[in-house]
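> quick one, what's the 3D model for this:
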Amino acid sequence: MNSVILSSSYVLVHTPDMVIHNGSTQNTERVVNPDSEYLKALPQHIRSFEQAVAYAPNQVYIGNKTPNFLNSLAMPWYDKPIENADKFGRFGQIMPQDEFYLLIQACDVFDVVNLEKNFVAEILPKFKNNPLIKEDIALRVKEGKDIDFIENIVNNEHGEGLYHNNKLVGSVTRGHDVDVNLSAHVLHENLVSKASSVLSLLQLIKNANIDANDVEYVIDCSEEACGDVNQRGGGNFAKAAAEIAGLNNATGSDVRSFCAGPAHAIIMAASLVKAGTYKCVAVTAGGSTAKLGMNGKDHVKKGLPVLEDVLGGFAVLIGVNDGVHPEINLDIVGRHTVGTGSSPEAVITSLLSAPLERVGLKMTDVDKYSAEMQNPDVTKPAGAGDVPLSNFKMIAALSVKKGQIERKELPIFVEKHGMPGWAPTQGHIPSGVPYIGFAVNDILENKINRAMIIGKGSLFLGRMTNLFDGVSFIIQKNSGKKESEAISEDMVKEFIAKAMRNFAESLMGGGNYDK
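Next comes the predicted model:
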């Protein structure tokens with residue numbers, strides 16, 4: 001039987017100082033143009049935590065608003081804050097930067113993170129008050145160091161500074177004198193990914209209302225890679241995050257495929273559960289510091305706030321069929337193969353129409369599609385256009401070409417089967433998976449029957465291949481049969497078959513029935 005999606009979580013971390021000090025665009029600008037007018041203007045374009053919480057796409061991401069809500073707001077959205085917005089949502093929360101620094105230290109098992117003692121004393125009570133932070137995690141936060149100690153690490157020991165309100169409050173020490181894979185910058189990047197993944201896993205366990213020990217396997221599908229000079233991307237983020245989140249009964253591994261990674265990981269998780277290898281698998285991903293302020297130059301140039309000021313994280317829990325939760329139908333898996341080609345039509349055909357046609361379905365039989373759900377408020381000012389809308393138009397155009405809808409129905413198809421984008425531009429985070437939480441709810445509430453999640457990735461970024469990548473899968477209404485019921489039916493069939501053989505053999509005097 002198909003495995004099911006039991007729960008999901010979606011978290012954001014507002015990191016305004018990380019935009020300035022850790023985003024790749026800003027770091028590059030400091031190297032090539034130290035006197036940059038952009039860097040001088042940047043601090044005046046940073047949003048407060050309250051502004052980030054009130055931002056409509058962020059409220060959609062954590063589940064307080066639905067994607068359809070964005071259709072009621074004229075663009076741009078950044079200047080239309082949600083009144084009485086809550087940092088806690090149906091799917092997760094938006095964590096402030098100061099609390100997140102303490103979580104980063106709680107995730108540090110090699111004592112490379114140091115926080116200033118007054119900062120710790122001020123923030124620790126708030127950190128402990130977060131509903132996801134259990135006592136064992138809070139106890140991992142150390143008392144703190146004098147500011148002179150931290151300044152020395154940053155100024156003289158090649159450390160990475162941690163800033164809050166533009167003030168140095170901590171540091172990350174390098175893990176090796178010469179190994180660039182263990183530099184303070186890389187360790188900081190990896191610890192941030194790990195900590196936001198931990199936050200996602202903690203939220204997932206809470207949302208699913210299960211014991212943490214029920215999870216048997218964890219797959220991390222973020223875009224970072226950890227290792228040293230001898231195994232640069234050896235991993236394992238999954239097990240590292242599971243350790244801090246208290247998933248003591250779990251093992252795990254990492255899956256990487258740029259933006260397509262999450263879709264690959266969920267298909268793998270569903271397959272592991274369907275095969276009976278594991279009964280409960282969590283797929284998780286943390287955020288990327290490199291993507292913070294990625295389009296900041298365009299935002300500042302046009303007088304906008306820097307909208308890429310949040311890290312994104314998510315987790316999905318996949319288990320055996322309970323007869324209730326939506327299924328992942330592994331008979332309908334789209335895949336961009338080596339020989340597919342890179343034209344838009346070839347990509348869309350391989351991921352959408354081809355797998356549907358194999359089981360006799362039309363593209364109109366899918367109620368909702370979710371591909372690259374980037375927030376257009378971020379991408380349009382940067383010249384990248386409305387990515388989700390472009391995808392839905394291509395899907396609709398292929399439906400026309402297949403003769404499944406009339407050309408005049410193209411706008412109707414886009415409106416009915418698509419949705420506005422709301423996910424932060426964190427690479428892997430927008431790639432199809434932001435809709436899973438809503439898809440599960442919509443199916444359980446009988447609003448839709450079937451949704452397709454599409455993950456696409458740009459493999460050429462790694463300079464190893466010019467190939468594109470992509471996979472897709474279907475989430476559908478549960479058939480109503482539990483895994484245990486299916487096993488019982490098989491046992492009954494086996495019992496009947498065995499009884500018939502025994503009866504036949506007895507009639508033939510115990511001879512060989514096959515003869």
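> use CA for all of it now, contacts and neighbours both
Fine.
> all helices for the stretch 151-300 of the chain, in order.
Assigned by DSSP state H, counting those that start in this stretch, the stretch 151-300 of the chain shows helices spanning 184-208, 237-245, 261-275, 296-301.
> now for the shortest one, which elements pack on it?
Using 3 or more CA pairs under 8 Å, 6 or more residues apart in numbering; DSSP states H and E as the contact test, the elements touching helix 296-301 are helix 37-41.
> for the longest one, same thing?
Based on contacts counted as 3+ CA pairs under 8 Å, 6+ apart, the elements that helix 184-208 packs against are strand 4-14, helix 97-106, strand 160-164, strand 167-172, helix 237-245, strand 280-285, strand 310-319.
> measure Lys87 to Gln59 for me?
8 Å (CA to CA, to the nearest Å).
> which of those two has more residues huddled nearby?
Gln59 (27 against 21; other CA atoms under 10 Å).
> what sits against the more buried one?
53, 65, 85-86, 89 (CA atoms under 8 Å, 6 or more residues apart in numbering).
> for stretch 282-290, how far is the first residue from the last?
25 Å.
> centre of the chain to the one helix or strand Ile150 maps to, how far?
If you go by DSSP states H and E, Ile150 is part of helix 147-156. Helix 147-156 sits 34 Å away from the centroid of its parent chain (CA atoms, centre = their mean, to the nearest Å).
> on the three-state scheme, the closest residue to Asp469 other than its chain neighbours is what?
Nearest residue to Asp469, sequence neighbours excluded (CA to CA, 6 or more residues apart in numbering): Gly457, at 4.9 Å. Put simply, Gly457 is strand when judged by DSSP: H, G, I helix; E, B strand; the rest coil.
> Gly457: how many residues sit nearby?
For Gly457, using other CA under 10 Å, the count is 20.
> that one and Ile429: what is the separation?
Counting by CA to CA, the gap from Gly457 to Ile429 is 12 Å.
> what touches both of those two?
With CA under 8 Å, 6+ apart as the test, Gly457 and Ile429 both reach Cys259.
> what touches both of Lys87 and Gln59?
Joint contacts of Lys87 and Gln59 (CA under 8 Å, 6+ apart) are Val53.
> just the pLDDT for Asn512.
What the model reports as pLDDT for Asn512 is 47.
> what's the answer for Lys482, then?
With respect to pLDDT, Lys482 has a value of 84.
> just give me the neighbour total for it.
Using other CA under 10 Å, Lys482 is surrounded by 17 other residues.
> contact partners for the residue nearest to Asp469?
257-261, 468-470.
> apply 10 Å and report the result again.
257-261, 372, 427-428, 431, 467-471 (CA atoms under 10 Å, 6 or more residues apart in numbering).
> most neighbours among these, which one is it?
The most crowded member of those, judged by other CA under 10 Å, is Ala260 (33 neighbours).
> how near is it to Ile454?
For Ala260 relative to Ile454 (CA to CA), the value is 8 Å.
> what is the burial count for the closest residue to Val186 other than its chain neighbours?
In space, and not counting its chain neighbours, Val186 is closest to Val180: 7.7 Å by CA to CA, 6+ apart. Residue crowding around Val180 was assessed by other CA under 10 Å; the count is 16.
> hmm, Val180 is touching His158, no?
No. Using CA atoms under 10 Å, Val180 makes no contact with His158, being 11.3 Å away.
> common neighbours of the two, please.
Arg174.
> show me what contacts the residue nearest to Val186?
Taking CA under 10 Å, 6+ apart, one finds 174, 186-187, 228-229, 232 in contact with Val180.
> from Asn230, how far off is it?
11 Å.
> check Val378 too.
Going from Val378 to Asn230 by CA to CA gives 38 Å.
> these two - which one has more neighbours?
Val378 (30 against 9).
> from the chain's centroid, how far away is the helix or strand harbouring the more buried one?
Per DSSP H and E, Val378 falls inside helix 376-379. Centre-to-centre, helix 376-379 and its host chain are 19 Å apart (CA atoms, centre = their mean).
> ok, now stretch 52-68?
With CA atoms, centre = their mean, you get 16 Å for stretch 52-68.
> buried stuff in it?
Residues of stretch 52-68 classed as buried by neighbour count (16 or more other CA atoms under 10 Å): 52-67.
> before we move on, the earlier item: what sits in contact with each of Ala260 and Ile454?
Shared contacts of Ala260 and Ile454, counting by CA under 10 Å, 6+ apart, come down to 371-372, 431-433, 470-472.
> now the residue nearest to Ser479 when sequence neighbours are not counted: how far from Lys482?
Closest residue in space to Ser479, ignoring its immediate chain neighbours: Gly323 at 6.6 Å, by CA to CA, 6+ apart. For Gly323, the distance to Lys482 (CA to CA) stands at 4 Å.
> quick check: domain ranges of the chain?
Domain segmentation of the chain under automatic domain parsing yields 4-319, 331-484.
> sorry, back to before: going by distance to Ile405, which of the shared contacts of Ala260 and Ile454 wins?
Taking CA to CA as the measure, Ala371 is the one of the shared contacts of Ala260 and Ile454 closest to Ile405, at 20.5 Å.
> the closest one touches Gly418, doesn't it?
Yes. In this structure Ala371 lies within contact range of Gly418 using CA under 10 Å: 9.4 Å.
> what's the overlap in contacts for those two?
388-389, 391-392.
> one step back: in helices, which of the contacts of Gln59 appear?
Of the contacts of Gln59, the ones assigned to helices by DSSP state H are Val53.
> return the closest of the contacts of Gln59 with respect to Gln404.
Lys65 (32.2 Å).
> quick one: contacts for that closest one?
Counted by CA under 10 Å, 6+ apart, Lys65 has contacts 56-59, 82, 89-90.
> what does Ser390 give?
372, 396, 414.
> tell me which element it falls in.
Element membership for Ser390 (DSSP H and E) is helix 387-401.
> neighbours of the nearest residue to Pro376 once chain neighbours are set aside, just the number please.
Spatial nearest neighbour of Pro376, chain neighbours left out: Asp386 (4.9 Å); criterion: CA to CA, 6+ apart. Other residues within reach of Asp386, judged by other CA under 10 Å, total 19.
> can I assume Met95 is in contact with Tyr10?
No. Counting by CA under 10 Å, Met95 does not reach Tyr10; the two are 11.4 Å apart.
> find residues that contact each of these two.
In contact with both Met95 and Tyr10: Leu199, using CA under 10 Å, 6+ apart.
> quick one: low-confidence parts of this structure?
Counting by pLDDT under 70, the chain contains low-confidence ranges at 485-500, 502-515.
> go again with 80.
Residues of the chain meeting the criterion pLDDT under 80: 483-515.
> assign the nearest residue to Asn295 once chain neighbours are set aside to helix, strand or coil.
Spatial nearest neighbour of Asn295, excluding adjacent residues (CA to CA, 6+ apart): Ala382 at 6.2 Å. Assigned by three-state DSSP, the conformation of Ala382 is coil.
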